[in-house]
Each structure stands twice: as structure tokens, then as C-alpha cells.
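Participant: fold the following.
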Amino acid sequence: MTARSVSWTDPKSIALLLERASGSSRGARSPAAAGTRGSARSTTVERARPAPVEARPPAAPKAPEPKVVPKLEQASDNPSDRLDTLVAWTLDHQPCTGAFVADDNGLTLAAHGISEAHVSLVGPLLSALVSIRSIPGINATAGALLLGENIMSWVEARTERGGFCLGAVGPEPLSALALEQLKEALELTLQGL
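Facilitator: Alright, predicted model coming up:
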């Protein structure tokens, strides 16, 4: 055979490559590498190269620390003052542009920064959730609804007088932690009403 096959390899070339890869060519050359052409030059080049630097994985971006939200404190026994305090607390401590409290009939009890049209959705929404609550494993007392460019996040609390909804409207849905905070604040507000 006069021409080399594609699969043909030279044992001396392979030995030289293995030597370079293992770094053993920095000392004495092996007998296999000594007889190959250009091995003296490649050994000199090997010595001139700096030691390889171990690559470090990129640092993971730090997650922002969750904002500490103070618990709602109700100082008044007046129902109107309690609801206004709840709405003001929601606006101060949650990422929203508007907040409201409504009953399960859709009657607005307190609101700021939200249209009456948005609040009017609450009555039918809470009524529809009654049947969803009967499905095991479904929590229908909190959620979010896309309303055009805004998202309404809400929590519901039930008392002997019916259901009440605390809602917040903003560009993004509220987190599960924020919804828990809202529910706790709503339940505190409804005590004694």
C-alpha cells in the first residue's frame, strides 16, 4: 500500500501527544519521542508555556434578600378605620399601585388607586371560587388574575358574616409570601368587625 489510510496512526506521534498531554515532557524525553522530528523544538515550547490555570465556575448571582414586612397593627375599633389602615398598609408594603377590600357580593368597603370596575369583578370571582373550593387539593382563597396590563392579586378570608377579599393591583402578581402576609393582615382586620 503506497498511501496511508485515514485510520493509520504513527505510534511515535501518539506517544509524543500523550507525553505532551500528561506533562511528562518537561523532564527527560522518552525514547519514543527522541526519534521523532521536531521533538526538541516542541519540548522547548512546552517549557516556555505557563502552567494551565484552573478555570473557576462563574459565581452564581445573589438572590435579592426578601423585604421585611412589618406585621399590621390595628389600633382602632372603628370598622372604617380598620379597613383604611389595611389598605394603606398594603400599599406601603407590597409592590402594587392600588388596593381594595370588598365583600363576597362585590361591594367595595375600602379602596385606593383602583377603579370601581376592577373591584366589581370581585363578587363574581368569589362566587365562582365557591365551587372550586370543593375540589380536593385546590386552594381557592388566593390567586392572581390578568386584567389588561395589570394583574390583580387577591386573598380571601371567611367569617360568619361571609367572605371578604383584599386585593392588590400592580404590574406583577404578588409572591406566595406576600399573599400569606395579606391574608394574615385581612384576618386580623376582620376580627371584631
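
Participant: secondary structure class for residue 180?
Facilitator: Here residue 180 is recorded as helix under DSSP: H, G, I helix; E, B strand; the rest coil.

Participant: domain parsing for the protein?
Facilitator: With domains defined by automatic domain parsing, the chain comprises 11-48, 79-190.

Participant: what's the most buried one of those domains?
Facilitator: Using mean count of other Cβ atoms under 10 Å, the stretch among the domains of the chain with the largest mean neighbour count is domain 79-190, at a mean of 17. In short, each C-beta sits where N, CA and C put it, glycine included.

Participant: how far off centre is it?
Facilitator: Using Cα atoms, centre = their mean, to the nearest Å, the mean C-alpha position of domain 79-190 is found 22 Å from that of the whole chain.

Participant: state the distance from the closest residue to residue 133 other than its chain neighbours to residue 126.
Facilitator: Residue nearest to residue 133 in three dimensions, not counting chain neighbours: residue 140, with 4.8 Å by Cβ to Cβ, 6 or more residues apart in numbering. Distance from residue 140 to residue 126, counting by Cβ to Cβ, to the nearest Å: 9 Å.

Participant: one more: residue 110?
Facilitator: Spatial separation of residue 110 from residue 126 under the definition Cβ to Cβ is 16 Å.

Participant: cool, residue 117 as well?
Facilitator: Residue 117 sits 16 Å away from residue 126, taking Cβ to Cβ as the criterion.

Participant: do the same with residue 11
Facilitator: Going from residue 11 to residue 126 by Cβ to Cβ gives 82 Å.

Participant: and residue 149, by the same measure?
Facilitator: If you go by Cβ to Cβ, the gap between residue 149 and residue 126 works out to 23 Å.

Participant: residues in contact with the residue nearest to residue 162 when sequence neighbours are not counted?
Facilitator: Distance criterion Cβ to Cβ, 6+ apart; nearest residue to residue 162, sequence neighbours excluded, is residue 104 at 5.0 Å. Taking Cβ atoms under 8 Å, 6 or more residues apart in numbering as the criterion, residue 104 is in contact with 122-123, 126-127, 156, 162-165.
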